[in-house]
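Visitor: Provided below for reference: sequence and predicted model.
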Amino acid sequence: MLKKSWLIGLVLFCVFSQSLAAKTVDSQRVETFDTACNTYLYIHEDGEEAVIIDPGAKSPELEKYVERHGLKIAGILNTHAHGDHISANAHYAKIYQAKVYGHPGDERGYINKYAAHRPTNWLSTTDENLMLGNIAIKVLHVPGHSQGSVGFLIGGKLFSGDTLFHESIGRTWGENQDELTLQELNSIRTKLFTLPDETQVFPGHGSSTTIQYEKQNNPFLN
């Protein structure tokens, strides 16, 4: 009887441990939705709060995910003010009653047909720490691709917008294109490449990567 009770206890312990581990892993995640860019949903470890990053267009899949998991949207973050990253700001601000955050260096990007997507809250002109609900966010100003480009560092995960890609960087435009490219490269080297090597990078387009991988393999930075 003692042996049988011991075996039952061991089985129950293993089941409980596996369940707890699964919940822990599942509650710390990033979901990617294919819109006009990579639209990200970062879910806090409590499994209750989340932020939307770069809503380039409406995503029924994202909305179903939020509803299915009963998530509270703590805010909407723009890495920069190009149309393919902001065109669903107003939609998600309305349905989730959430504030939109963008950098004032890109204020001119929120005009004309994008006026409805203007941020409700402007970020600091310099790096800052931002709390949205229980979600702690380090905002890194990385001008170059645009003057208001920022990276959002959340829980060891960097949302780099169109500044740093897998084996590439964001393009620049205009008569001073070369100058802007140098500015962008400097932003990457001084703000992003100083992050821990294991930092995961989630760019505005393309596949995810890590800081270490880009240090070693990005042809624009080597």
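Guide: Looks like it came in fine.
Visitor: please make it C-alpha for all contacts and neighbour counts, starting now.
Guide: OK.
Visitor: burial of the nearest residue to S207 once chain neighbours are set aside, as a residue count?
Guide: Residue nearest to S207 in three dimensions, not counting chain neighbours: H166, with 6.3 Å by Cα to Cα, 6 or more residues apart in numbering. Per other Cα atoms under 10 Å, the neighbour tally for H166 reads 19.
Visitor: distance-wise, check the spatially closest residue to K58 that is not a sequence neighbour relative to Y213.
Guide: With Cα to Cα, 6+ apart as the criterion, K58 has its nearest non-adjacent residue at 5.6 Å, and that residue is A88. As judged by Cα to Cα, to the nearest Å, A88 and Y213 stand 32 Å apart.
Visitor: next SSE downstream of the worst-scoring helix or strand of the chain on mean pLDDT?
Guide: The helix or strand of the chain with the poorest confidence is helix 2-26; it has a mean of 40 (mean pLDDT, DSSP states H and E). For helix 2-26, the following helix or strand on the C-terminal side (DSSP states H and E) is strand 29-34.
Visitor: how about low-confidence regions in this protein?
Guide: 1-28 (pLDDT under 70).
Visitor: contacting residues around the spatially most central residue of it?
Guide: In the chain, the residue lying closest to the centroid (Cα atoms, centre = their mean) is F159, at 3.7 Å. Counting by Cα atoms under 8 Å, 6 or more residues apart in numbering, F159 makes contact with 53, 79, 151-153, 201-204.
Visitor: who does the helix or strand encompassing it pair up with?
Guide: Using DSSP H and E, F159 sits in strand 157-161. Counting by DSSP bridges, the strands paired with strand 157-161 are strand 150-154 (antiparallel), strand 200-203 (parallel).
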